[in-house]
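# This is the structure alone, sequence omitted:
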């Protein structure tokens, strides 16, 4: 293999695939990046056997070929260089590459491309396309609720459901639930429900760039999913199992509903979180309608650390229904407020021991359910 490639192209390509490079592994070859010529461009691929990312960058191809080299070493070297044209040539035994630039020359030992795990190819299956902005927002608002612990693998993923032109993403970790509904550009012929690792969707969100529709393909065996972006392909294993019936967890009614300014609620929550750190992370919320019952009212947000002190903040709100009290984990509340991105937010509740609901006021496509914390009022 022999080619010339701009330093910025190499750096960008390596940055795209680096998150799929294995860090701790019993298979050292998965710490490599596969470099190959493909259709007059340089293709770079990496995989940790659960997710594979491939990207194509512009290059002047002089001789076809393929090689694998340690990803971290190559990335560090390329990123240390100024913008310039880098010549890449495989060494004579085909076990490494020689890189030449402006007053720089390096050799990196590698391995034969045949030793690299095969990058899955997903061509057939249930396919659709989705607007990049729509899926980016959906992922951003849902992945935060996926579990981090592996005790229940299905909860470390996001349930992706396709039906007609409807796309629903849902994640839950046992303490909170996030559900986002969006539309796809192409209707699917049959209903489909799969569990995609949350990390895979985080990579999709990270790599979305531009306005080109994103292709989504699920294999007929429901074992792998492909996301095809501009010059990037992400293939991931799917999590096998049954996702909980989350629709049963969404409260269908409420006795108290408040509408508050998102910015003010975030500031009050941020202040209360300072004291909540030493108080089991508990934030207390009290919703009080006005005495006149004209719809106005207040939301009081408080927290306390037994040995350090306490904090109380009050913000104006539109309060519907009766007075309500509920306590949330400060991190869970902060997380959902950070992804709403709307001027107004609604909070709904029934009792202090029932789940609370947080959602944007002017949209029905997102709902976030948080389990309450039990406290003495």
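Everything's here; your move. Please read these numbers as outputs of a predicted model, since none were measured by experiment.
# Got the domain ranges for the chain?
Domain segmentation of the chain under automatic domain parsing yields 2-115, 126-247, 251-370.
# Just the strands from the stretch 251-377 of the chain, written as ranges.
256-261, 282-289, 296-305, 309-321, 324-329, 344-349, 356-360, 366-370 (DSSP state E, counting those that start in this stretch).
# could the ones you listed go into JSON lines alongside mean neighbour count and mean pLDDT?
In this view, the C-beta of every residue, glycine as well, is placed from N, C-alpha and C. Below are the strands of the stretch 251-377 of the chain laid out as JSON lines (neighbours: other CB atoms under 10 Å; pLDDT from 0 to 100):
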{"stretch": "strand 256-261", "mean neighbour count": "20", "mean pLDDT": "95"}
{"stretch": "strand 282-289", "mean neighbour count": "22", "mean pLDDT": "95"}
{"stretch": "strand 296-305", "mean neighbour count": "19", "mean pLDDT": "92"}
{"stretch": "strand 309-321", "mean neighbour count": "17", "mean pLDDT": "93"}
{"stretch": "strand 324-329", "mean neighbour count": "23", "mean pLDDT": "96"}
{"stretch": "strand 344-349", "mean neighbour count": "22", "mean pLDDT": "96"}
{"stretch": "strand 356-360", "mean neighbour count": "21", "mean pLDDT": "96"}
{"stretch": "strand 366-370", "mean neighbour count": "23", "mean pLDDT": "97"}
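# mind listing the helices for the stretch 51-200 of the chain?
For the stretch 51-200 of the chain, the helices defined by DSSP state H, counting those that start in this stretch cover 71-79, 132-142, 198-207.
# I'd like to know which of these lies nearest to residue 272.
Nearest of those to residue 272, taken as CB to CB: helix 132-142 at 22.6 Å.
# What residues sit buried inside the closest one?
132, 134-142 (16 or more other CB atoms under 10 Å).
# from the chain's centre, how far out does the strand or helix carrying residue 13 sit?
Taking DSSP states H and E as the criterion, residue 13 maps to helix 7-17. Helix 7-17 sits 21 Å away from the centroid of its parent chain (CA atoms, centre = their mean, to the nearest Å).
# Stretch 122-139 too?
14 Å.
# again, but for stretch 135-144
Its chain's average C-alpha position is 6 Å from that of stretch 135-144, according to CA atoms, centre = their mean.
# and the two most separated of the buried residues of helix 132-142?
Going by CB to CB, the pair spanning the buried residues of helix 132-142 furthest: 132 and 142, at 15.9 Å.
# who's in contact with the host helix or strand of residue 226?
Using DSSP H and E, residue 226 sits within strand 224-229. Strand 224-229 has contacts (CB atoms under 8 Å, 6 or more residues apart in numbering) with 120, 122, 132, 160, 194, 196, 200, 204, 207-209, 212, 214-219, 233-238.
# Filter those down to just the buried residues.
Buried members of the contacts of strand 224-229, scored by 16+ other CB under 10 Å, are 120, 122, 132, 160, 194, 196, 200, 204, 207-208, 214-219, 233-238.
# Against residue 61, how distant is residue 208?
Going from residue 208 to residue 61 by CB to CB, to the nearest Å gives 28 Å.
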